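Asker: Coordinates only, no sequence provided:
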């Protein structure tokens, strides 16, 4: 089953009156359970691609379908609800809510989905356990290391069992050892939960982990290989 | 709050985030709270002060100027400023007969006849005064004349006996004239038949009502004696009707007017000029209070704008998590609302405490007016009115105005595009 499908996806930005094309007609499809990396040098369009697939931005041309739904037809509110239910995000800078504890950060997506409090608490606890942070649920982000915060972010993305997790350079702020641990964790979760992961990177180590690698350059797919 | 977020549901989660966010910058939070608290305190204190002044004016008006219902003849009303005595109420009928008839109406506590007439004083530095013909014993069964000490206001001697050739004068008048108990007060007045009447009552008492107009310019005499001198033949110039309940004044006014028929002017105390002016000014105070509250709220508005700028990445992340625009706006709105509520509560606490203490002690209004508001019918001292309703209103007003002011800046967060915010 195709979780994500893009057709002729383009995105233009206007910078000081000059139009810059970040993506120029990218057509890709990702099947359920994939562990894919979108790689490329800085400015290649990989973050833009992730933002468009994550329904955070609207394409200038082309289309994005998430689990068979063409997102162009959705209202702003429907897009938010689609993200809430079907898409998990992991950011380079972790982006946890600083005033919430790790457990609260993880349970927030469930709370927004209307999951009863006790169930949300229990599922958040399990998600933290899966990422190896069962003991740190009460800690706030500033009381944790970068690697721990990224694990919490992964637990937060995973807890609602989304169709798709998008990770924008998830290891860029981490040292190589911690980065490798995070990748191992994501891979393990991909295998155990069957969750589709698409992550952007320009790090060769990260690319090694991807079962499918899409290389972007100047807004176009340069090469694509599957292991 | 730690660990309780999950138990509060969607809105509860947003409120929890908002509540915890306000402690991220303690100094800024303290400033916002203090600003709102000062505004709420000011509004409660000022409203209580105005209420105290209103209470004083209304009590002075009911005691000295109108009663609950005031009855005069149409002729008197037309020339009221001259205090004419040639237009008695229900000419040909005695004051007692009229009073009895009115007192027989249900809900009437008393109907007190009074006469006022101008007098010219001889052998005195004070040339003019007002003769006030009353029945002290009956009057004091209904009213206190000194509204600060809540007593008869007598500072020396006694009030004149019924029909006696005696008078009591205000302490200020006694000081100005240099007269005291036992002295004669030679004066001239004009009767109902327009003839000059020379009279020289003996001063038997000195009073201090704490009402400057009376303390400085009134000669209190027996109603019977003054009526005889002025040739009223047992009739009365005015009737002050007091109801069992002041709230029934309007109803009573209509009944008395029906009873007396045409040719009379029957008014409720609330129709008094000063009472009406003060009441009509109430909306102006609301505007002043609102302006003060809005100015204080600018600090919260500024804070909301600053935190939206500071937390732009968090807004992007909240959008990525699937929070709708409304939910993101609510986080910032709740934050402003909580600041408003804490500030308003602090203001209420302070306002309640200060007005409670203020209500226990009389405040000398001369300190503030320099004695220049003698024509205004209020007592020389007022008590701040302590009122839980004022405190509740101050709280609701403070929160409502501050919250209303922060809706617009909170909406700014809705226009932050998640993708733009995440790029920062």
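Answerer: Received, thanks. Predicted model, so just to flag it, every value in this text is computed and none were measured.
Asker: C-alpha from now on. contacts and neighbour counts both.
Answerer: Will do.
Asker: List of residues touching stretch A:59-67?
Answerer: A:1-12, A:25, A:52-53, A:70-72, A:163 (CA atoms under 8 Å, 6 or more residues apart in numbering or on different chains).
Asker: What about the residues you listed, which are in helices?
Answerer: Counting by DSSP state H, the contacts of stretch A:59-67 place A:52, A:53 in helices.
Asker: Narrow the contacts of stretch A:59-67 to those that are buried.
Answerer: A:3-6, A:8-11, A:25, A:52-53, A:71, A:163 (16 or more other CA atoms under 10 Å in any protein chain shown).
Asker: Show me where the stretch 301-424 of chain B has its strands.
Answerer: For the stretch 301-424 of chain B, strands defined by DSSP state E, counting those that start in this stretch occupy the ranges B:363-364, B:381-382.
Asker: mind listing what's buried in the longest helix anywhere in chain A?
Answerer: Determined from DSSP H, the single longest helix within chain A is helix A:176-193. By neighbour count on 16+ other CA under 10 Å, the buried set for helix A:176-193 is A:178, A:179, A:180, A:182, A:183, A:185, A:186, A:187, A:189, A:190.
Asker: what's the answer for stretch A:50-70, then?
Answerer: Buried, per 16+ other CA under 10 Å, within stretch A:50-70: A:50-59, A:62-67.
Asker: closest to residue B:395 among those?
Answerer: residue A:56 (41.2 Å; CA to CA).
Asker: quick check, the closest one in a strand?
Answerer: No. Under DSSP: H, G, I helix; E, B strand; the rest coil, residue A:56 falls outside any strand and is assigned coil.
Asker: phi, psi of it?
Answerer: With angles defined as degrees, to the nearest 10, residue A:56 sits at phi -90, psi -20.
Asker: Tell me the pLDDT of the residue in chain A that chain B sits nearest to.
Answerer: In chain A, no residue comes nearer to chain B than residue A:84, which is 3.8 Å away by CA to the nearest CA. In this model, residue A:84 is scored at 93, pLDDT.
Asker: show me what contacts it?
Answerer: A:109, A:112, A:113, B:320, B:321, B:322, B:323.
Asker: burial of the one residue in chain B that gets nearest to chain A, as a residue count?
Answerer: Closest to chain A within chain B is residue B:322: 3.8 Å, counting by CA to the nearest CA. Residue B:322 has 28 neighbouring residues, counting by other CA atoms under 10 Å in any protein chain shown.
Asker: Let me see the contact set for it.
Answerer: A:79, A:80, A:81, A:82, A:83, A:84, A:85, A:109.
Asker: do residue B:406 as well
Answerer: For residue B:406, the contact set (CA under 8 Å, 6+ apart) comprises B:297, B:300, B:301, B:304, B:333, B:336.
Asker: how near is the nearest residue in space to the first one that is not next to it in sequence to residue B:335?
Answerer: Put plainly, it is residue B:297. Nearest residue to residue B:297, sequence neighbours excluded (CA to CA, 6 or more residues apart in numbering or on different chains): residue B:402, at 5.1 Å. The gap separating residue B:402 from residue B:335 is 12 Å, by CA to CA, to the nearest Å.
Asker: residue nearest the centroid of the chain?
Answerer: Picked chain A for this. residue A:166 (1.5 Å; CA atoms, centre = their mean).
Asker: Correction: the question concerned chain B.
Answerer: So for chain B, CA atoms, centre = their mean, it's residue B:54, sitting 1.1 Å from the centre.
Asker: residues in contact with that one?
Answerer: Contacts of residue B:54 (CA under 8 Å, 6+ apart): B:275, B:278.
Asker: count of neighbours near residue B:360?
Answerer: A count of nearby residues for residue B:360, using other CA under 10 Å, gives 12.
Asker: Hmm, residue B:385 and it touching each other?
Answerer: No. Using CA atoms under 8 Å, residue B:360 is not in contact with residue B:385; the gap is 9.3 Å.
Asker: For the closest residue to residue B:211 other than its chain neighbours, which residues are in contact?
Answerer: Nearest residue to residue B:211 in three dimensions, chain neighbours excluded: residue B:379, at 4.8 Å (CA to CA, 6+ apart). Going by CA under 8 Å, 6+ apart, residue B:379 touches B:56, B:57, B:60, B:147, B:148, B:210, B:211, B:212.
Asker: Dump those residues into TSV; add neighbour count, secondary structure and distance to residue A:148 as well.
Answerer: Conversion of the contacts of residue B:379 to TSV gives the following (neighbours: other CA atoms under 10 Å in any protein chain shown; DSSP: H, G, I helix; E, B strand; the rest coil; distance: CA to CA, whole Å):
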residue	neighbour count	secondary structure	distance to residue A:148
B:56	23	helix	69
B:57	20	helix	71
B:60	22	helix	75
B:147	22	coil	74
B:148	21	coil	72
B:210	21	coil	76
B:211	23	coil	77
B:212	23	helix	79
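Asker: What parts of chain A come near chain B?
Answerer: A:51, A:54, A:56-57, A:77, A:79-85, A:88-89, A:95-97, A:99-101, A:104, A:107-109, A:111-112, A:114, A:116-118, A:120-121, A:138 (CA under 8 Å from any CA of the partner chain).
Asker: So how do I select the buried members of those in PyMOL?
Answerer: Applied in PyMOL, the following selects the buried portion of the residues of chain A next to chain B according to 16+ other CA under 10 Å:
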select buried, chain A and resi 51+54+56+57+79+80+81+82+83+84+85+88+89+95+96+97+99+100+101+104+107+108+109+111+112+117+120+121
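Asker: So which of the residues of chain A next to chain B sit within strands?
Answerer: Counting by DSSP state E, the residues of chain A next to chain B place A:88, A:89 in strands.
Asker: which one of the strands of the stretch 301-424 of chain B is the most hemmed in?
Answerer: Ranked by mean neighbour count under mean count of other CA atoms under 10 Å in any protein chain shown, those are led by strand B:381-382, which reaches a mean of 23.
Asker: Return the list of helices and strands in contact with it.
Answerer: Using 3 or more CA pairs under 8 Å, 6 or more residues apart in numbering or on different chains; DSSP states H and E, the elements in contact with strand B:381-382 are helix B:26-60, strand B:363-364.
Asker: and the shortest one, how far out from the chain's middle?
Answerer: Meaning strand B:363-364. 15 Å (CA atoms, centre = their mean, to the nearest Å).
Asker: Helices of chain A, start to end?
Answerer: A:46-53, A:76-86, A:102-112, A:117-130, A:146-158, A:176-193, A:204-209.
Asker: for the stretch 51-200 of chain B, what spans make up the strands?
Answerer: B:69-73, B:108-121, B:128-134, B:154-157, B:166-170, B:187-190, B:196-199.
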